[in-house]
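> sequence first, then the predicted structure:
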Amino acid sequence: MDFDLSWILLGLPVAFVLGWLASRLDLRQLRIENRQAPKAYFKGLNYLLNEQQDQAIDAFIEAVQNDPDTSELHFALGNLFRRRGEYERAVRVHEHLLSRGDLSRADRERAQHALALDFLKAGLLDRAEEALRKLEGTAFETQARLALLAIYERSRDWAQATDIARRLETGSEGTFTTRIAHYLCEQAAQASDEAAEPLLRQAMTVAPDAPRARMELAAMQTRAGEHDAAMKTLMGLANRSPASIPLMAARLADAAMTSGQQEQVMQVLQTSYELHPSLDVLDAIAALEADPQAARAWYMRHLEREPSLVAASRWLASEKLEHEQAHPYVQNALEHAVKPLRRYRCAACGFEAKQHFWQCPGCQAWDSYPARRVEEL
């Protein structure tokens with residue numbers, strides 16, 4: 001059978017035309033898909049930059065529908081849901097990411113961390129704790145431990161908080177020794193005196209210069225009638241941490257009068273006052289003065305040194321004036337005026353309180369209250 005070359009000559013143009021048409025159709029489809037996905041993505045980004053979160057979410061949902069395998073769009077969408085407070089939708093997005101078998105290890109760890117944040121923001125602390133525990137040994141390990149520390153502080157689980165803080169201490173995130181000492185003191189506060197003493201002494205070993213453990217140990221010794229031991233503990237704290245003397249000045253004065261060591265304590269208080277005048281130290285000195293005139297003289301000396309409504313109120317309360325009938329009213333008015341000045345103020349958030357706190361009730365910061373009254377700041 002003879003082969004006819006004419007068929008080849010006729011087939012070549014037809015094949016060329018068909019190939020050209022097919023390539024044009026593929027290119028057109030590719031262009032349409034490429035136009036749709038980036039357009040929706042950039043539209044969402046524009047809305048996000050303009051703080052139009054509702055429109056941004058709609059745009060990102062459209063982009064995800066066009067390209068459901070794009071993990072970055074899922075992360076952006078989940079973060080938007082979380083910022084809007086739609087935690088259930090954020091959880092679904094991040095759980096969907098974790099269910100994908102083609103997700104890289106880095107993206108899987110990132111999705112696990114995002115899921116933990118969803119639970120944390122939603123207040124589901126038990127589920128957040130479980131999700132954060134799964135981040136041990138990942139790139140998000142330190143962030144997870146810090147979040148766990150916040151959870152245990154919030155739930156007042158001081159034993160778990162101590163364990164996490166010790167792990168953080170071994171890293172490069174700074175020192176947590178003072179925080180660990182506070183956790184041990186919190187555990188001691190919930191225990192009996194017999195179980196509390198080892199915890200307080202452990203806290204003293206962990207953070208030797210932190211005043212709280214020694215102050216609480218002295219209070220426990222005073223309750224047990226061990227006045228000499230309490231005096232020794234407070235004097236040791238005064239020598240080690242002079243800046244904390246205003247916080248324990250009243251207790252130190254009481255311990256001095258109980259143990260008969262007024263002269264020794266008076267010397268410590270006067271030295272502290274001369275270096276750093278303090279209203280609490282001033283009150284303790286006045287309490288140790290046997291002569292009322294000498295006590296009033298200390299308040300007058302403070303007024304000569306710096307103006308103080310609190311010191312003026314203390315001096316007026318012990319002074320006899322000519323107009324004794326008006327004196328109580330003047331004294332009451334002055335006492336009312338100085339109440340806000342005798343508060344402590346958090347250096348982190350400005351929360352004011354009548355008593356000194358080791359952890360601020362407002363912002364939960366530790367050691368944010370200076371050992372000075374508002375009037376002295």
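Good, I have the coordinates. None of these values were measured; they are calculated from a predicted model.

> and Ala348, how close does it get to Gln364?
Ala348 sits at a distance of 9 Å from Gln364 (criterion: C-beta to C-beta, to the nearest Å). Every C-beta, even on glycine, is put in place using the N, C-alpha and C of the backbone.

> mind listing what's buried in stretch 144-158?
Ala144, Arg145, Ala147, Leu148, Leu149, Ala150, Ile151, Tyr152, Glu153, Asp157, Trp158 (16 or more other C-beta atoms under 10 Å).

> and the residues you listed, which of them are in helices?
Assigned to helices by DSSP state H, the following of the buried residues of stretch 144-158 qualify: Ala144, Arg145, Ala147, Leu148, Leu149, Ala150, Ile151, Tyr152, Glu153, Trp158.

> just flag the most distant two among those residues.
Ala144 and Trp158 (19.3 Å; C-beta to C-beta).

> for Gly236, grab the count of nearby residues.
Look at Gly236: counted by other C-beta atoms under 10 Å, it has 14 neighbours.

> can you check Phe140 too?
So Phe140, with other C-beta under 10 Å, has 19 neighbours.

> do Leu288 as well
Leu288 has 21 neighbouring residues, counting by other C-beta under 10 Å.

> try Glu130
By other C-beta under 10 Å, neighbour count at Glu130 equals 12.

> where does it sit, in terms of helix or strand?
Glu130 belongs to helix 125-133 when assigned by DSSP states H and E.

> name the helices or strands packed onto that helix?
helix 105-122, helix 141-154 (3 or more C-beta pairs under 8 Å, 6 or more residues apart in numbering; DSSP states H and E).

> mind listing what the nearest residue to Glu95 once chain neighbours are set aside touches?
Nearest residue to Glu95, sequence neighbours excluded (C-beta to C-beta, 6 or more residues apart in numbering): Leu115, at 6.6 Å. Contact partners of Leu115, counting by C-beta atoms under 8 Å, 6 or more residues apart in numbering, are Val91, His94, Glu95, Leu98, Ala131.

> pLDDT score for Leu115?
The score at Leu115 is 91. That number is its pLDDT.

> related to what we said a few turns ago, and the helix holding Glu130, which residues are buried?
Leu125, Arg127, Ala128, Glu129, Ala131, Leu132.

> pull the distance from it to the chain's centre.
18 Å (C-alpha atoms, centre = their mean, to the nearest Å).

> CA atoms of it as PDB?
Extracted C-alpha coordinates of helix 125-133, given in PDB (Å, rounded to 0.1, in the frame of the first residue of the first chain):
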ATOM      1  CA  LEU A 125      -8.000  27.900  80.000                       C
ATOM      2  CA  ASP A 126      -8.100  24.100  80.200                       C
ATOM      3  CA  ARG A 127      -8.100  23.700  76.400                       C
ATOM      4  CA  ALA A 128      -5.500  26.500  76.000                       C
ATOM      5  CA  GLU A 129      -3.300  24.700  78.500                       C
ATOM      6  CA  GLU A 130      -3.600  21.400  76.600                       C
ATOM      7  CA  ALA A 131      -2.800  23.200  73.300                       C
ATOM      8  CA  LEU A 132       0.200  25.000  74.800                       C
ATOM      9  CA  ARG A 133       1.600  21.800  76.200                       C
END
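
> ok and that helix relative to helix 105-122, angle-wise?
Angle, helix 125-133 to helix 105-122, by axes from the mean of the first three to the mean of the last three C-alpha atoms, to 10 degrees: 160 degrees.

> just give me the neighbour total for Cys185.
Using other C-beta under 10 Å: Cys185 sits among 24 other residues.

> verify the stated contact: it with Leu200.
Yes - using C-beta atoms under 8 Å, Cys185 is in contact with Leu200, at 6.6 Å.

> give the residues shared as contacts by these two.
Ala213, Glu216.

> quick one: the nearest residue to Met220 once chain neighbours are set aside from Gln221, how far?
Spatially, and ignoring its direct neighbours in sequence, Met220 is nearest to Asp193 (5.5 Å; C-beta to C-beta, 6+ apart). Distance of Asp193 to Gln221, computed by C-beta to C-beta: 9 Å.

> the two: which is more packed in?
Gln221 (21 against 12).

> pLDDT value on that one, please?
Looking at Gln221, the pLDDT reads 90.

> and Val206, by the same measure?
On pLDDT, Val206 comes in at 91.

> show me the contacts for it.
So Val206 contacts Thr177, Ile180, Ala181, Leu184 (C-beta under 8 Å, 6+ apart).

> what's around the residue nearest to the first one when sequence neighbours are not counted, how many residues?
The spatially closest residue to Thr177, leaving aside those adjacent along the chain, is Ala207, at 4.8 Å (C-beta to C-beta, 6+ apart). Counted with other C-beta under 10 Å, the burial measure for Ala207 works out to 20 neighbours.

> please apply the same query to Ala238.
Neighbour tally, Ala238, other C-beta under 10 Å: 21.

> separation between it and Gly350?
29 Å.

> Thr162: which of the contacts of Val206 is nearest?
Ile180 (5.8 Å).

> quick one, what contacts the closest one?
When contacts are counted by C-beta under 8 Å, 6+ apart, Ile180 touches Thr162, Ala165, Arg166, Glu169, Ala203, Val206, Ala207.

> kindly report the same for Val338.
Leu309, Val310, Ser313, Glu375.

> alpha carbons of the helix or strand harbouring the second one, as CSV, please.
Put plainly, it is Val310. Assessed by DSSP H and E, Val310 sits inside helix 309-318. Provided in CSV are the C-alpha atoms of helix 309-318 (Å, rounded to 0.1, in the frame of the first residue of the first chain):
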residue,chain,number,x,y,z
LEU,A,309,0.1,67.0,104.6
VAL,A,310,0.5,63.5,106.2
ALA,A,311,3.2,64.7,108.6
ALA,A,312,1.2,67.8,109.4
SER,A,313,-1.8,65.7,110.2
ARG,A,314,0.2,63.5,112.5
TRP,A,315,1.7,66.6,114.3
LEU,A,316,-1.7,68.2,114.6
ALA,A,317,-3.2,65.1,116.1
SER,A,318,-0.7,65.1,119.0
